[in-house]
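Undergrad: Predicted model follows, preceded by the sequence.
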Amino acid sequence: MGGTGGIGGMTAVAESEALATLHRVFGYDAFRGEQEAVIEHVVAGGDAVVLMPTGGGKSLCYQIPSLVRPGTGVVVSPLIALMQDQVDALRALGVRAGFMNSTLDFDERRVVEAEFLAGELDLLYLAPERLRLDSTLDLLSRGKIAVFAIDEAHCVSQWGHDFRPDYLALSLLGERWPDVPRIALTATATHATHQEITQRLNMPTARHFVASFDRPNIQYRIVPKADPKKQLLSFLREEHPGDAGIVYCLSRKSVESTAEFLSRNGVEAVPYHAGLDGGTRAAHQSRFLREDGLVVVATIAFGMGIDKPDVRFVAHLDLPKSVEGYYQETGRAGRDGLPSNAWMAYGLNDVIQQRKLIQSGEGDEAFRRRAAAHLDSMLALCETAQCRRAQLLAYFGQDPDPVGCGNCDTCLTPPETWDGTVAAQKALSTVVRLQRERGQKFGAVQIVDILLGKRTGKVIQFDHDQLSVFGIGEDLSEGEWRGVVRQLLAQGLLAVEGEYGTLVLTEASGAVLRREREVPLRKEPKKPASARTTSSSSGRGERKPKAAAAELPGELLPAFEALRAWRAEQAREQGVPAYVIFHDATLREIVTVWPTSVRGLGGITGVGEKKLATYGEGVIAVLASLEGGPSGSAPAAADTARDDDHWPEMDAEPEPDDWI
């Protein structure tokens with residue numbers, strides 16, 4: 001579209017054009033956070049490495065330069081299954097977008113190629129493996145390229161949580177097109193991953209931009225695992241009835257059984273994992289995008305790249321492998337900036353299972369060490385008695401608020417800690433006695449039964465009731481002892497060995513047994529009383545308003561629901577997700593401002609020129625049908641009640657789950 005100045009900065013004309021494009025196409029009046037600096041640098045021709053959280057507006061950082069600079073922006077993305085949705089969303093904004101991947105037939109691919117060569121595309125999405133093909137490189141050489149965007153750049157790093165070999169070849173972009181700026185983007189990266197991205201993509205002169213990783217609208221909560229499916233059901237009934245959300249499980253079997261359990265108990269849920277046929281996966285993904293209130297139960301193969309803004313919760317029934325993975329997964333909640341929950345049920349078996357997976361998995365010793373380090377960081381997050389958000393942000397090198405966030409379980413209900421040194425000595429001594437006196441190794445269940453003095457069949461079979469440690473732990477309950485063992489594993493004072501998950505001492509255990517090291521532990525919380533104050537015969541809690549509408553005055557709720565119904569009809573007619581029409585946050589602002597003309601609607605956040613022309617009259621007609629506005633109040637001015645916190649964004653890719 002427009003020309004640019006040198007790398008030192010945009011010309012005033014280019015800067016004005018970038019801001020004008022933001023307003024005209026996307027419906028926003030100002031850039032947020034690091035976006036303006038990133039866009040200025042890339043439009044001027046500079047390379048950039050951008051670390052920005054999910055929901056932080058990464059996509060605008062390459063979409064705006066693609067629209068402002070001459071030529072087509074080429075986006076390298078592993079989102080093959082979602083490229084069509086991304087392109088549909090851009091076309092709804094009036095952006096000329098296309099994609100090339102294995103889902104296109106010969107004729108469809110030829111059309112896209114012709115559009116690119118004719119300069120009729122603003123953005124072209126490519127899967128990374130296509131850049132290994134000479135035909136693709138030849139095509140790009142014959143066209144005009146505005147910018148190369150490498151999305152989910154952490155895939156290039158073997159220290160990251162989602163390494164992709166195809167990304168290693170992307171350094172050729174800088175070699176073959178040295179005058180085309182490159183921007184590498186990721187939502188999560190530790191310092192080691194950040195450095196490897198820069199090195200492997202051969203971007204030594206790139207300017208680095210690191211945005212805040214804080215998502216203050218997400219409440220982080222981790223609860224002790226008892227009966228996880230029932231705990232999940234209570235969580236959904238009490239806090240998220242009728243809301244869209246994602247539930248993550250470790251195995252395909254658990255995904256299937258959990259989805260069936262929720263459906264049987266009145267929660268509309270579908271499974272998603274790599275073991276399902278492609279048609280079923282696509283159908284379930286499409287339903288999630290296009291329907292309100294559907295729950296998807298999935299392995300980590302699901303969720304990346306889905307730009308669904310109204311996911312109100314992400315729940316984990318099993319422990320994630322890393323903090324990076326956990327952050328990515330929880331970041332799929334609340335992309336519209338409205339209150340959302342990241343909820344996890346976590347217990348002793350999670351720790352044992354993950355340790356076993358690391359030991360038995362493929363990979364060399366260096367890989368196992370990295371996996372163990374990732375798990376240790378995840379366990380530290382689960383076991384901390386301090387602010388969880390602070391722990392999470394510190395992991396990514398960001399200084400947290402020293403007083404805590406006030407929106408995680410450890411801030412809202414600070415856990416008690418206690419001196420668990422004696423308890424730790426008792427547990428470690430039991431492991432020592434079994435090994436030294438009997439030459440035996442057992443798992444956590446047998447250790448706890450011995451400590452409690454339980455004469456179970458297995459205890460009697462092996463004469464463990466004759467050990468000197470038998471019954472020395474009767475001062476604690478079974479649940480408390482399981483918590484002790486879990487925390488000893490998390491602190492590296494016990495280790496898991498072999499396929500049966502037997503417990504053994506570590507090098508650090510001796511210091512505890514010799515009374516040279518204290519062992520602080522979290523107290524296991526009491527089972528909370530149900531939050532439900534009323535219930536129906538079906539056992540459901542009282543239905544609460546959706547988060548998107550919860551902050552609206554009661555008199556505006558009918559208008560909000562009327563606009564949602566109108567939006568759903570538009571989405572069905574066009575075969576696109578509802579959020580492609582308008583986000584909930586935009587609808588909320590519309591009913592708050594209550595514009596009485598199409599021109600007034602143009603002042604609403606998220607309403608660009610294309611959407612105004614396409615949907616403006618329909619929105620005004622819906623409002624006009626509601627008897628002139630909310631009861632007892634005059635329509636507000638169209639330039640009030642602005643909400644600049646909600647930005648469109650497309651993210652990440654499906655992770656493989658063939659390790660399950």
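TA: Sure, I can see it. Just so it is clear, the structure is predicted and the values come from calculations on it, not from any experiment.

Undergrad: How many residues are close by residue 294?
TA: 18 (other CB atoms under 10 Å). The C-beta positions use only the backbone N, C-alpha and C, and glycine is treated the same way.

Undergrad: Check the gap between it and residue 515 for me.
TA: Taking CB to CB, to the nearest Å as the measure, residue 294 falls 55 Å from residue 515.

Undergrad: And residue 86, by the same measure?
TA: Look at residue 86 and residue 515: by CB to CB, they are 60 Å apart.

Undergrad: Comparing the two, which residue is more hemmed in?
TA: Neighbours per residue (other CB under 10 Å) separate residue 86 from residue 515, with residue 86 holding more: 22 against 10.

Undergrad: tell me what whichever strand or helix holds the more buried one is packed against?
TA: Element membership of residue 86 [criterion: DSSP states H and E] is helix 83-92. Helix 83-92 is packed against strand 97-100, strand 123-126, helix 578-581, helix 609-624, with contacts defined by 3 or more CB pairs under 8 Å, 6 or more residues apart in numbering; DSSP states H and E.

Undergrad: Make CSV out of those and add mean neighbour count, mean pLDDT and distance to residue 393.
TA: Output for the helices and strands packed on helix 83-92, formatted as CSV (neighbours: other CB atoms under 10 Å; pLDDT from 0 to 100; distance: least, CB to CB, whole Å):
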stretch, mean neighbour count, mean pLDDT, distance to residue 393
strand 97-100, 23, 94, 34
strand 123-126, 24, 96, 31
helix 578-581, 23, 87, 28
helix 609-624, 17, 92, 35
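
Undergrad: Out of the ones you listed, the one nearest residue 216 is which?
TA: Shortest separation from residue 216 across the helices and strands packed on helix 83-92 is recorded for helix 578-581, at 21.5 Å, computed as CB to CB.

Undergrad: Tell me what angle the following helix or strand past that closest one forms with helix 609-624.
TA: Later in the chain than helix 578-581, the nearest helix or strand by DSSP H and E is helix 584-593. On the basis of axes from the mean of the first three to the mean of the last three CA atoms, to 10 degrees, helix 584-593 is oriented at 50 degrees to helix 609-624.

Undergrad: Could you pull out the helices in the stretch 501-650 of the chain for me?
TA: 509-513, 547-550, 557-574, 578-581, 584-593, 598-601, 609-624 (DSSP state H, counting those that start in this stretch).

Undergrad: Identify whichever of these lies nearest to residue 177.
TA: Using CB to CB, the nearest of the helices of the stretch 501-650 of the chain to residue 177 is helix 609-624, at 30.2 Å.

Undergrad: Give me the helices and strands touching that closest one, please.
TA: Taking 3+ CB pairs under 8 Å, 6+ apart as the contact cut, helix 609-624 packs with helix 83-92, helix 557-574, helix 584-593, helix 598-601.

Undergrad: could I get that helix in PDB with only the CA atoms?
TA: Only the C-alpha atoms of helix 609-624 are listed here, as PDB (Å, rounded to 0.1, in the frame of the first residue of the first chain):
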ATOM      1  CA  GLU A 609     -15.300   0.100   8.000                       C
ATOM      2  CA  LYS A 610     -16.000  -3.300   6.500                       C
ATOM      3  CA  LYS A 611     -18.100  -4.500   9.400                       C
ATOM      4  CA  LEU A 612     -19.900  -1.200   9.700                       C
ATOM      5  CA  ALA A 613     -20.900  -1.500   6.000                       C
ATOM      6  CA  THR A 614     -21.900  -5.200   6.300                       C
ATOM      7  CA  TYR A 615     -23.700  -5.300   9.700                       C
ATOM      8  CA  GLY A 616     -24.400  -1.700  10.700                       C
ATOM      9  CA  GLU A 617     -28.000  -1.500   9.600                       C
ATOM     10  CA  GLY A 618     -28.700  -4.900  11.100                       C
ATOM     11  CA  VAL A 619     -27.400  -3.900  14.500                       C
ATOM     12  CA  ILE A 620     -29.300  -0.600  14.500                       C
ATOM     13  CA  ALA A 621     -32.500  -2.500  13.500                       C
ATOM     14  CA  VAL A 622     -32.100  -4.800  16.400                       C
ATOM     15  CA  LEU A 623     -31.700  -1.900  18.800                       C
ATOM     16  CA  ALA A 624     -34.600   0.000  17.300                       C
END
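
Undergrad: quick one on the thing from earlier: other residues contacting the helix holding residue 86?
TA: Contacts to helix 83-92, defined as CB atoms under 8 Å, 6 or more residues apart in numbering, come from residues 63, 77, 79, 97-99, 101, 103, 122-123, 125, 127, 289, 305-307, 576-577, 580-581, 610-611, 614, 648, 650.

Undergrad: just stretch 102-120 next, same as before
TA: Contacts to stretch 102-120, defined as CB under 8 Å, 6+ apart, come from residues 71-72, 80, 83-84, 96, 98-100, 121, 124, 127, 139, 142-144.

Undergrad: Tell me the buried residues within these.
TA: Neighbour-count burial (16 or more other CB atoms under 10 Å) applied to the contacts of stretch 102-120 gives 71-72, 80, 83-84, 96, 98-100, 121, 124, 127, 139, 143.

Undergrad: Please enumerate the helices of the stretch 151-300 of the chain.
TA: With DSSP H, counting those that start in this stretch, the ranges of helices along the stretch 151-300 of the chain come out as 172-176, 191-200, 228-239, 252-264, 278-290.

Undergrad: Show me what counts as buried in the first one.
TA: I take that to be helix 172-176. For helix 172-176, by 16+ other CB under 10 Å, it's 173-174.

Undergrad: Check the third one too.
TA: Neighbour-count burial for helix 228-239, with 16+ other CB under 10 Å as criterion, is recorded at 228-229, 231-239.

Undergrad: Could you do stretch 270-283 as well?
TA: By 16+ other CB under 10 Å, the buried positions in stretch 270-283 come out as 270-276, 281.

Undergrad: right, and the pair among those residues with maximum separation?
TA: Farthest pair in the buried residues of stretch 270-283, by CB to CB: 270 and 274, 15.0 Å.

Undergrad: Looking at the helices of the stretch 151-300 of the chain, spot the one closest to residue 386.
TA: Comparing the helices of the stretch 151-300 of the chain by CB to CB, helix 191-200 comes nearest, at 21.6 Å.

Undergrad: Kindly export the closest one (C-alpha atoms) in PDB.
TA: Backbone C-alpha positions of helix 191-200 (Å, rounded to 0.1, in the frame of the first residue of the first chain) are rendered in PDB as follows:
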ATOM      1  CA  HIS A 191      15.400 -16.800  28.200                       C
ATOM      2  CA  ALA A 192      16.900 -20.000  26.700                       C
ATOM      3  CA  THR A 193      14.100 -20.400  24.200                       C
ATOM      4  CA  HIS A 194      14.300 -16.700  23.300                       C
ATOM      5  CA  GLN A 195      18.000 -16.900  22.500                       C
ATOM      6  CA  GLU A 196      17.600 -20.100  20.500                       C
ATOM      7  CA  ILE A 197      14.800 -18.500  18.400                       C
ATOM      8  CA  THR A 198      17.200 -15.700  17.500                       C
ATOM      9  CA  GLN A 199      20.100 -18.000  16.700                       C
ATOM     10  CA  ARG A 200      18.300 -20.700  14.700                       C
END
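
Undergrad: Run through who's touching that helix.
TA: 49, 51, 153-154, 156-160, 167-168, 171, 184, 186, 189, 203-204, 206, 208, 324, 397.

Undergrad: Look up how far residue 242 lies from residue 71.
TA: 46 Å.

Undergrad: same thing with residue 277?
TA: 29 Å.

Undergrad: go on, residue 378?
TA: 31 Å.

Undergrad: hmm, back to that, deepest of the helices and strands packed on helix 609-624, which one?
TA: Highest mean neighbour count among these (mean count of other CB atoms under 10 Å): helix 584-593, with a mean of 24.
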